[in-house]
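Colleague: pasting the structure only:
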């Protein structure tokens, strides 16, 4: 049987399928005909206090204050170029990710919020504001930083705990102490930011059903509005290496245990990874703003690790995971003066746009709305992808209804096999060529 863990599909196509755009199109022309009524604003901070063993994000450790200041100055220059190219635009959501945005100190976070506020007011009010989500870590979720974030309109904070067992955290090459984690979670709750998300990881070396239940129950003490459950992956160019069918079976058993535990605690499942309290909404995203639809609405990314989306062009900067390459890209970014063009990207033809819509919909528990798909593309998804979708249905992974295509409970468990199976041949070839370099 197919391994459930082929790859986490959080965006399509992956940045390893991006290539230099020649000629590099001006941002003014890229966005000229786009619907800009409900955009997502994302600011990327590529710095962390340490690199976790499971991480393959675009980030570097040990950045000096001189470098973080220079990076914010480059973000500001990029924001100037992008706001000039966009013209009138409205933003439904905003997020600071990384890396670890709270690697920045309190004054730098205030400066980061100033840059984001050029695009839209941050927060859930007044109308037209963009609810703001921010990622943090136990070591950097300090009261002074959290005060800045709260006062500047943060509606959701997400903290990567991974495990409440110190030995498991060490095994994942995340050498945090339990006391530090508890202090950070208390500080977040004291800051009264409306939505708390806690990230946990299953499949860590030495983790058992009992220790996994302990981490789940401990997380619930803080009554988080959201919890994400991530499987541990063997990542290329990272510090962890695990292989084997036994590991697949172990991770799958822990996933089902975690899912059932959270459902019994009153959470609803949004995707394979995301669980939320029904009263928690979607993390403030959309409160006081226009609802954002990732299948059809555009995205503005600022920072050298961020990507931007239009209807037919996804673009970013160069991508890397290795420390030397990441440092070189960051150094080039902070020295750059011209941010008026899209440099590296992927142009989506009609087939790729259909695939992206299918992927972004199917991997959510709510599934794909067949009428919405027909309205957008003039065809039915079952006709466009008959072999793939019928194959999923035959395995018991897909419920084919007259109004929607939805993954079954077992299908959600196999999301990380279903997503990659829907990649086009051309995207897979580009990704393979990147990995072979």
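Modeller: Looks like it came in fine. As the structure is a computational prediction, the values presented were derived from the model and not from experiment.
Colleague: What segments of the stretch 301-437 of the chain are helices?
Modeller: 323-335, 350-362, 370-377, 381-384, 386-394, 409-413, 415-421, 425-435 (DSSP state H, counting those that start in this stretch).
Colleague: With distance to residue 403 and mean pLDDT added, can I get those helices in TSV?
Modeller: Placement of C-beta: from N, CA and C, glycine included. Shown next, in TSV, are these (distance: least, Cβ to Cβ, whole Å; pLDDT from 0 to 100):
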stretch	distance to residue 403	mean pLDDT
helix 323-335	45	88
helix 350-362	13	98
helix 370-377	6	98
helix 381-384	12	98
helix 386-394	15	98
helix 409-413	17	98
helix 415-421	20	97
helix 425-435	29	95
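Colleague: Of all those, which one is nearest residue 225?
Modeller: The closest of the helices of the stretch 301-437 of the chain to residue 225 is helix 409-413. By Cβ to Cβ, the value is 20.4 Å.
Colleague: mind listing what's buried in that closest one?
Modeller: Within helix 409-413, the residues scored as buried using 16 or more other Cβ atoms under 10 Å are 411-413.
Colleague: about what we covered before: possible to save the helices of the stretch 301-437 of the chain as JSON lines with distance to residue 36?
Modeller: Output for the helices of the stretch 301-437 of the chain, formatted as JSON lines (distance: least, Cβ to Cβ, whole Å):
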{"stretch": "helix 323-335", "distance to residue 36": "25"}
{"stretch": "helix 350-362", "distance to residue 36": "18"}
{"stretch": "helix 370-377", "distance to residue 36": "18"}
{"stretch": "helix 381-384", "distance to residue 36": "27"}
{"stretch": "helix 386-394", "distance to residue 36": "33"}
{"stretch": "helix 409-413", "distance to residue 36": "33"}
{"stretch": "helix 415-421", "distance to residue 36": "28"}
{"stretch": "helix 425-435", "distance to residue 36": "26"}
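Colleague: Out of those helices, which gets nearest to residue 219?
Modeller: Comparing those by Cβ to Cβ, helix 409-413 comes nearest, at 20.2 Å.
Colleague: Not counting that closest one itself, show me its contacts.
Modeller: 4, 252, 255-256, 259, 269, 271-272, 365, 392, 395-399, 418 (Cβ atoms under 8 Å, 6 or more residues apart in numbering).
Colleague: again, only using 6 Å
Modeller: With contact meaning Cβ atoms under 6 Å, 6 or more residues apart in numbering, helix 409-413 is reached by 272, 396-398.
Colleague: Also stretch 312-321?
Modeller: 15, 56, 237, 304, 307-308, 326, 329, 342, 344-348.
Colleague: circling back to that earlier point, make JSON lines from the buried residues of helix 409-413 and add distance to residue 315 to it.
Modeller: Shown next, in JSON lines, are the buried residues of helix 409-413 (distance: Cβ to Cβ, whole Å):
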{"residue": "411", "distance to residue 315": "32"}
{"residue": "412", "distance to residue 315": "31"}
{"residue": "413", "distance to residue 315": "33"}
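Colleague: can you give me the strands for the stretch 101-250 of the chain?
Modeller: Ranges of strands in the stretch 101-250 of the chain, per DSSP state E, counting those that start in this stretch, are 132-136, 154-162, 195-202, 226-231.
Colleague: Listing partners with orientation, what would you give for the third one?
Modeller: According to DSSP bridges, strand 195-202 has the following sheet partners: strand 154-162 (parallel), strand 226-231 (parallel).
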